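1. Build me a structure from this.
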Amino acid sequence: MRNATEIVEILYSTGIEVPSEATSFGINPEGKLSFATEKGEVVEIDLTEQQKEVLKNQNLLFSGTSGSLLEGLEFYFPNDNPDAVQIVAMRKASGLTQAKAAKLIHTRTKIWQDWEKGISKMHPGLFELFMSKAEVDHEKYKVLVNRQMRIR
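-> Numbering: from 1, shown residues only. Purely as a prediction, here's the structure:
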């Protein structure tokens, strides 16, 4: 798991200029790097072979690599599922009920409840989808996650 600062440093080390308004990014193995802004704008960059090699060595160049660039939010690789604490914090930071959170990403309330209880795993893509669709208070999210981690 990496945080936003580490991801930005890796991208800068390859000569990639990260747009200051970028809130998230996605990389595909064909060599396209996309940045999204809060306004929904997308900036695409073609990666050079050298940049692809660096990102591959950093385990960032494979299908489905994406993450948040907002400071303090953790970055999830497609193989890493968010845990129950992170899911609960994300939902509470959005101010939504379990039913409304589930509906926002087109799933059943029971499935959402199972994710929050740790019974089943939420796919990282759904976590990113929720973070982008819900109006998550990122400061509140960080506080909730940190508080829960101390309680454990």
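2. Flag the shaky bits of this protein, pLDDT-wise.
-> 1-4, 28-30, 61-68, 70-80, 137-139, 142, 145-152 (pLDDT under 70).
3. Swap in 50 and give it another go.
-> In the predicted model of the chain, residues 74-79, 152 satisfy pLDDT under 50.
4. just the strands in it please.
-> 2-3, 22-28, 32-37, 42-46, 65-68, 74-75 (DSSP state E).
5. Please point out which parts of the third one sit buried.
-> I take that to be strand 32-37. 33, 35-36 (16 or more other Cβ atoms under 10 Å). C-beta: built from backbone N, CA, C; applies to glycine.
6. per-domain residue ranges of this structure.
-> Using automatic domain parsing, the domain parsing of the chain gives 2-75, 84-151.
7. Now do the helices in the protein.
-> 4-13, 49-57, 84-94, 98-104, 109-117, 124-133, 138-151 (DSSP state H).
8. Name the residues that touch the second one?
-> Same thing as helix 49-57. 10, 13-16, 27, 31, 47, 61-62 (Cβ atoms under 8 Å, 6 or more residues apart in numbering).
9. Serialize the residues you listed to a markdown table and add fields for neighbour count and distance to Ala134.
-> Formatted as a markdown table, those follow (neighbours: other Cβ atoms under 10 Å; distance: Cβ to Cβ, whole Å):
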| residue | neighbour count | distance to Ala134 |
| --- | --- | --- |
| Ile10 | 16 | 27 |
| Ser13 | 12 | 32 |
| Thr14 | 17 | 31 |
| Gly15 | 11 | 34 |
| Ile16 | 18 | 28 |
| Ile27 | 23 | 24 |
| Gly31 | 15 | 31 |
| Leu47 | 21 | 30 |
| Leu61 | 20 | 29 |
| Phe62 | 14 | 27 |
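10. now for these, which pair is the farthest apart?
-> Pairwise distances among the contacts of helix 49-57 were taken by Cβ to Cβ; the largest, 20.7 Å, belongs to Gly15 and Phe62.
11. Please give me every residue in contact with the spatially closest residue to Leu33 that is not a sequence neighbour.
-> In space, not counting the residues next to it along the chain, Leu33 is nearest to Ile45; the distance is 4.5 Å by Cβ to Cβ, 6 or more residues apart in numbering. Going by Cβ under 8 Å, 6+ apart, Ile45 touches 16, 32-35.
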